[in-house]
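Participant: After the sequence you'll find the predicted model.
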Amino acid sequence: MNEAEVRRLAESILGTVAGLRRAGLREILREEPRQAAPPADQREEPGISMAAPAETEHPTAERFSIQTEAAQGDEKEKAERLLAVRDELGECRRCRLHETRTHLVFGEGNPAARLVFVGEGPGADEDRQGRPFVGRAGKLLDKMIQSIGLERGQVYICNVVKCRPPGNRTPAPEEIEPCSPFLTKQLEVIQPKVICTLGACATQTILQTRKFISELRSGVRLWRGIPVVPTYHPAYLLRNPAKKADVWKDLLRVLQILEG
């Protein structure tokens, strides 16, 4: 059995486990029973909150917690390859954004994630901590992830640019260009089942288009054969909460691909 066949088998096993959990089987993953999640097409809009989630809402990831030895090896290999990409990036000075940054924000999460979120760039909190999406928008992203039955540690989160643009402005083309190869390498290593782009900058960069996010978020696009689901940035939702219903529809598209 070659590597591709092993990977497909591992994904099939994980998908079977997820299906059993949705059907109500719990004992193989944890002792105390929990209510089975309804099918995706029967779930109600979760009313995504901007409030910070309680720590108790972040238990050890369970939904895909049973891993074959091959899947564990794949995750380790990808973690090493991502570290090599980070080492190549170094203390980047490829554009002027390095002049005002506190920390470079590479990305974080499961190196073998089936779902990757791509945002625009670090904000003030991210620049201070060196981690993506840890401010108010990050707390909302956590809620978005939880609304489709996942935890932050099961996905991978990164940005188009790795350094904070002053005043949280949109990155300029001459800042995006030198960072884009590293985003590409991250996605090439992870090979997720679906990419969810957050906001216009991330969507336009990934899809190489100048169309507005309102035009692009109504369907599924492709990046090198990987489905891309564009949606609004969590920071935009904080300013325009009425758009949460649209984002929920986009998240259902993501879930449909993950469970397909």
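Facilitator: Thanks, I have the structure now.
Participant: Please count neighbours and contacts with C-alpha atoms only from this point.
Facilitator: OK.
Participant: just how off-centre is stretch 159-168 within its chain?
Facilitator: Mean-position distance between stretch 159-168 and its chain equals 17 Å (C-alpha atoms, centre = their mean, to the nearest Å).
Participant: same question, stretch 120-132
Facilitator: Distance of stretch 120-132 from its chain centroid, counting by C-alpha atoms, centre = their mean, is 15 Å.
Participant: quick one: contacts of it?
Facilitator: With contact meaning C-alpha atoms under 8 Å, 6 or more residues apart in numbering, stretch 120-132 is reached by 101-108, 133-135, 138, 157-165, 168, 170-171, 198-199, 201-202.
Participant: again with stretch 249-260
Facilitator: 15, 40, 114-115, 144, 148, 193-194, 196, 217-218, 220, 229-231.
Participant: Next SSE downstream of the helix-or-strand element of the chain with minimal mean pLDDT?
Facilitator: In the chain, the helix or strand scored least confidently by mean pLDDT, DSSP states H and E is helix 3-22, which has a mean of 51. On the C-terminal side of helix 3-22, the closest following helix or strand by DSSP states H and E is helix 69-89.
Participant: buried residues in that following helix?
Facilitator: Within helix 69-89, the residues scored as buried using 16 or more other C-alpha atoms under 10 Å are 71, 74-75, 78-79, 81-82, 85-86, 89.
Participant: Among the contacts of stretch 249-260, which one is most surrounded by other residues?
Facilitator: Among the contacts of stretch 249-260, P230 has the most neighbours (other C-alpha atoms under 10 Å), with 33 neighbours.
Participant: Do a quick rundown of the helices in the stretch 101-250 of the chain.
Facilitator: Shown for the stretch 101-250 of the chain, the helices assigned by DSSP state H, counting those that start in this stretch span residues 124-129, 136-147, 173-190, 200-207, 213-216, 234-239, 244-259.
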